[in-house]
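Q: Build me a model from this:
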Amino acid sequence: MGDSTRSSWAIFAGGILLGSAAAAGAAYAATASLISKQEQHHRNVALQQQEFDKVRAKSPLRRSSRPTRTSTPPNHQYQPQDANRAQVLEEGPGPVGSPRVEWLAREDVDHDDSYYNGPTTSSLPEHWQSFNTAAGGAGSFSRQTGGLSAAAEPSMTNLAGLSAANQSPEPPLNGNYEAAAQHSPGLDLVRSVAVASTSSHHFNNPGSTALVSQMPGSPLAQHKLIMPSSADKLADTGKAIEQAATMYDDYCRVITPENLLTEESEEVCAMLVECLELRRKWLFKPQLTPEQRRHEQEAAVPADVDPEPFSYRPLPRSNHTYAMVDGVVRVWPDKRSVPGQDLFPLPGTAADFFTDMHRVLRYASLGPVKSFCHHRLMLLEQKFNLHVMLNADKEFLAQKSAPHRDFYNVRKVDTHIHHSACMHQKHLLRFIKSKLRKEPDELVIFRDGKWLTLKEVFESLRMTGYDLNVDTLDMHADKNTFHRFDKFNLKYNPFGQSRLREIFIKQDNLIRGRFLAELTREVFTDLEASKYQHAEMRISIYGRKQVEWDILAAWVVGNNLASNNVVWLIQIPRLYNVYRDQGIIENYAQMLENIFLPLFEATVDPSSHPQLHCFLSQVVGFDMVDDESKPERRPTKHSPLPQDWSSKHNAAFSYYAYHIYANLYTLNKLRESMGLNTFSCRPHAGEAGDIDHLVSALMLCENIAHGINLRKSPCLQYLFYMAQIGLCMSPLSNNS
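A: The predicted structure is shown next:
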């Protein structure tokens, strides 16, 4: 070969080498550029997350209150400002990272701590370990392979990487959870939520790479990774869920999105918090809460504490003195105390209460407050529906696993039962027939100027025992009594006759309530035989005269009407106008004196009313009853004092509520200081009438009966939920 030929080939070869070098340089430059872009992307994401952390740290949004394990990031506790406490109070503080749906794993589940602390080679699937080693470690960019290595898959004992610690500590940067979920076609709800919560991770975050790489448009979708298929992951996830339901009883918890509060929402939250503070101001609080008394030994039945509750044990007389001032009983340590220095001062006067009540009413009528509360209530309802969808099967499995427990042998307490209606119709009819057959010659009533026996009473009604049946008894509250309080009261008359009501279901009559006592003992026997049924019997004190308390206590104690399954609750009918028209009392203050002064006498000196002292140990609370639909004038701070209320018109519900509450407040403080039991205030409220009844109950009462009118006010309904005020409902009567 000639020199010229060799030179040409050398030039050609050199050109090839130069071209290869240029191509290699271009490839290297492209690779370096890609690495630079990836690193820049990581820095941008980190900066955005830091900014998001700063914003969220300043905004006390609602957090999950789920306890975390030591291997998970610690909870970030915070104290919300007053303007935002209403929203925070729903679930309390918790970890900064609140996933949309989190798995509440039990503490005995063995979590894979290596997953939280970063993946190691041993934690990777076996077919990934060689790839991880060659790539320079899990989650790092490999210059040799030109791609990202796959992150370690979480252990399936951690529920396929869906535990709270595995979720993203931040929501998507653009806040669009729905769009992020739509980027995962073909995945079920659990997978969609996982993608939504992991889409804001760094691409080298453990447990997120495999999911993010499945999303269209993701930078990782361009790289070839060795990882399980979607079908495998779904199968593993299904197994983990099934395992949790059958072995660990894990439950899904629904967490709502964390939206920043607007200026209007902050003002609304401040108003709601103010309403809750007013309740905290007025409500009676015992010295020791139930949580503080958990160390005390519990009794299976009340008889274990006091086997003979109606056995009087003499107690020394206290030195306390008391007197009713402006409708409220004031207590002083002794006779030498200076008037005006009350031993148990009230949170405020009647004028203060009515002022606070009108403030709550004003807040409840504002449009922004209604909108905010309606939104929160709808959100809570949907959360509950989602909870039912996610956990109904697990709860059913848990219910079946409980030995010797079903609906019929769990404790059931009837907290809304009137003593005069504690028996069913057939029971009362059977009792009446029995008495008419066994005791026809018993003198039972004085009517029309002569004494009548039981047989003569039925003869005057032209009825015999053969004619009696449940239909003629007619004591069932049907659809005709709905919103008809007058017809409802008439249903307490057997066969429509008031004289039979006086004979059989009154304790203050000619036979001293013997028939009613026998009937009550039969009801007690039925409750004790069923073992799991309990009741709070409501019995009336009218306030017409002070001796009513001694008559009632003598009837209960004399007939030994005590049971491990029954306690008593006093109901006060709001009938001042009736007693005023009859000339029994002259003003409203006299009615209050007749109701409360005997209670203070029996508390300070039990020997003055020994039977009443024993009976009060079985009383748990006070109720207020009457027709709430009657028109009334809402009280104000300018309303007259009780001793000046001599009008023939009845006082409003709120007026009754404050004065009964105020006297109970002082009585409870006195009895608590002497080591005696206290009483709760639990009136009928919200069955009809104005919503100021519910506002009064919100501020003064532990719980109420009915509360149907809460549906008319989203604000009050939400406040009742926030304050956790119980409602004693009657599904049959309230939905007729």
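Q: Let me see the contact set for the closest residue to residue 333 other than its chain neighbours.
A: The shortest distance from residue 333 to any non-neighbouring residue, by Cβ to Cβ, 6 or more residues apart in numbering, is to residue 343 (5.5 Å). Quick note: C-beta positions are derived from backbone N, CA and C, even for glycine. Counting by Cβ atoms under 8 Å, 6 or more residues apart in numbering, residue 343 makes contact with 320, 331-333, 337, 669-670.
Q: confidence score at residue 343?
A: pLDDT recorded at residue 343 is 89.
Q: Just to be sure, it is in a helix?
A: No. Using DSSP: H, G, I helix; E, B strand; the rest coil, the secondary structure at residue 343 is coil, not a helix.
Q: just the helices in the stretch 501-650 of the chain please.
A: 514-530, 548-558, 576-581, 588-604, 610-616 (DSSP state H, counting those that start in this stretch).
Q: measure residue 635 to residue 576 for me?
A: According to Cβ to Cβ, to the nearest Å, residue 635 and residue 576 sit 14 Å apart.
Q: what residues do these two have in common as contacts?
A: Common contacts of residue 635 and residue 576 (Cβ under 8 Å, 6+ apart): residue 651.
Q: just to revisit the earlier point, would you turn the helices of the stretch 501-650 of the chain into CSV with mean neighbour count, distance to residue 415 and mean pLDDT?
A: As requested, the helices of the stretch 501-650 of the chain are exported to CSV (neighbours: other Cβ atoms under 10 Å; distance: least, Cβ to Cβ, whole Å; pLDDT from 0 to 100):
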stretch, mean neighbour count, distance to residue 415, mean pLDDT
helix 514-530, 17, 14, 92
helix 548-558, 19, 19, 95
helix 576-581, 18, 27, 93
helix 588-604, 22, 22, 95
helix 610-616, 22, 19, 95
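Q: For residue 506, find the nearest of these.
A: Evaluated over these, closeness to residue 506 peaks at helix 514-530, with 6.6 Å, by Cβ to Cβ.
Q: For the closest one, name the packing helices and strands.
A: The contact analysis (3 or more Cβ pairs under 8 Å, 6 or more residues apart in numbering; DSSP states H and E) places helix 514-530 against helix 425-438, helix 498-504, strand 533-540.
Q: CA atoms only for it - export them in PDB, please.
A: What follows is helix 514-530, C-alpha atoms only, in PDB (Å, rounded to 0.1, in the frame of the first residue of the first chain):
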ATOM      1  CA  ARG A 514    -100.400   1.700  96.900                       C
ATOM      2  CA  PHE A 515    -101.600   0.600  93.500                       C
ATOM      3  CA  LEU A 516     -98.900   2.600  91.700                       C
ATOM      4  CA  ALA A 517     -96.200   1.300  94.100                       C
ATOM      5  CA  GLU A 518     -97.200  -2.300  93.500                       C
ATOM      6  CA  LEU A 519     -97.200  -1.700  89.700                       C
ATOM      7  CA  THR A 520     -93.800   0.000  90.000                       C
ATOM      8  CA  ARG A 521     -92.300  -3.000  91.800                       C
ATOM      9  CA  GLU A 522     -93.600  -5.300  89.100                       C
ATOM     10  CA  VAL A 523     -91.800  -3.100  86.500                       C
ATOM     11  CA  PHE A 524     -88.600  -3.200  88.700                       C
ATOM     12  CA  THR A 525     -88.900  -7.000  88.800                       C
ATOM     13  CA  ASP A 526     -89.100  -7.200  85.000                       C
ATOM     14  CA  LEU A 527     -86.100  -5.000  84.600                       C
ATOM     15  CA  GLU A 528     -84.000  -7.000  87.100                       C
ATOM     16  CA  ALA A 529     -85.100 -10.300  85.400                       C
ATOM     17  CA  SER A 530     -83.900  -9.000  82.000                       C
END
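Q: That helix relative to helix 425-438, how many degrees between them?
A: Counting by axes from the mean of the first three to the mean of the last three Cα atoms, to 10 degrees, helix 514-530 lies at 130 degrees to helix 425-438.
Q: so where's the stretch 401-550 of the chain uncertain?
A: Along the stretch 401-550 of the chain, the parts satisfying pLDDT under 70 run over 474-492.
Q: Residue 622: what's it in contact with?
A: Contacts for residue 622 (Cβ under 8 Å, 6+ apart) come out as 569-572, 660, 664, 679-683.
Q: May I have the beta-bridge partners of it?
A: Taking DSSP bridges as the rule, residue 622 bridges to residue 570, residue 681.
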